[in-house]
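Q: Output the structure for:
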Amino acid sequence: MSRIGRKPIAIPAGVEVNIDGNTVSAKGPKGNLSVTVHKNMTVAMEGGFITVTRPDDNKENRSLHGLSRTLIANIVEGVSNGFKKELEINGTGYRAAKEGKNLVMNIGYSHQVIVPEIDGITIEVPAPNKIVISGPDKQKVGQFAAEVREKRPPEPYKGKGIKYADEVIRRKEGKAGKGGK
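A: Numbering: from 1, shown residues only. Purely as a prediction, here's the structure:
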């Protein structure tokens, strides 16, 4: 059995979950989300826990079991606590600011890079070199953070660019650091 698929999902206080066939919807303080799992998976709720079961040990059903459970766990976690990604900007003169609903960044180009805030995503700029992207949908938060990082990915020589707060940049020596003849 799938170790992740077997784990029951605890429903935290303040979260309301409805199961309609294979569609699971959750409503909580951070918003409403719903996900439709594969038709082979059976979703049941009993005593404050959600369980996902599979019909047999087919390869397809085994792979869908853990995925379905994780997707449901992510919407329950998202409507109760939400998700966030932190980005750091490194480089001389590189900075970010929030103007209205837009993220305005000076990241070494001749122009400012402006990224508009999308539905379900909140952008905060606590410091000129820090961006916090948060929201209830894990997939949207991760995708939006990746799109912001893509505007100026970190380069390996000086480490300039936009990186995740927990990301480690592999640094390279420049041509002067070779040694030899």
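
Q: now this protein, which segments are flagged as low pLDDT?
A: For the chain, residues meeting the criterion pLDDT under 70 lie at 1-2, 177-181.

Q: Which residue is the nearest non-sequential neighbour of Ser134?
A: Lys84 (3.8 Å; Cβ to Cβ, 6 or more residues apart in numbering). All C-beta atoms are positioned from the backbone trio N, CA, C, and that covers glycine.

Q: helix, strand or coil for that neighbour?
A: Judged by DSSP: H, G, I helix; E, B strand; the rest coil, the three-state class of Lys84 is strand.

Q: If I follow the layout properly, it ends up in contact with Ile131?
A: No. If you go by Cβ atoms under 8 Å, Lys84 and Ile131 don't touch, sitting 10.5 Å apart.

Q: Those two: which has the busier surroundings?
A: The neighbour comparison of Lys84 against Ile131 (other Cβ atoms under 10 Å) goes to Ile131, with 25 against 13.

Q: what about that one, which helix or strand?
A: strand 130-135 (DSSP states H and E).

Q: tell me the contacts of the residue nearest the centre of the chain?
A: Nearest to the mean C-alpha position of the chain, counting by Cα atoms, centre = their mean, stands Gly142 at 3.0 Å. If you count contacts by Cβ atoms under 8 Å, 6 or more residues apart in numbering, Gly142 has them with 83, 85.

Q: Surely it is within a strand?
A: No. Going by three-state DSSP, the assignment for Gly142 is helix, not a strand.

Q: Quick check: the closest residue to Pro153 other than its chain neighbours vs Val52, distance?
A: For Pro153, ignoring the flanking residues on the chain, the nearest one in space by Cβ to Cβ, 6+ apart is Gly161 at 5.3 Å. Counting by Cβ to Cβ, to the nearest Å, the separation of Gly161 from Val52 is 40 Å.

Q: Those two: which has the busier surroundings?
A: A direct count of neighbours by other Cβ under 10 Å for Gly161 and Val52 places Val52 higher, at 27 against 20.

Q: Which positions in the host helix or strand of the more buried one come out as buried?
A: Counting by DSSP H and E, the secondary-structure element that holds Val52 is strand 49-53. Under the neighbour-count criterion of 16 or more other Cβ atoms under 10 Å, strand 49-53 has 50-52 buried.

Q: and which of the residues you listed is nearest to Glu117?
A: Ile50 (31.5 Å; Cβ to Cβ).

Q: Would you map the strands across the protein?
A: Under the criterion DSSP state E, the chain contains strands at 9-10, 16-20, 23-28, 31-36, 42-46, 49-53, 83-90, 95-99, 102-106, 113-116, 122-127, 130-135, 161-164.

Q: what would those look like in CSV with distance to Arg152?
A: Converted to CSV, these look like this (distance: least, Cβ to Cβ, whole Å):
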stretch, distance to Arg152
strand 9-10, 38
strand 16-20, 40
strand 23-28, 35
strand 31-36, 30
strand 42-46, 42
strand 49-53, 40
strand 83-90, 8
strand 95-99, 11
strand 102-106, 8
strand 113-116, 8
strand 122-127, 16
strand 130-135, 12
strand 161-164, 5
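
Q: Thanks a lot, see you next time.
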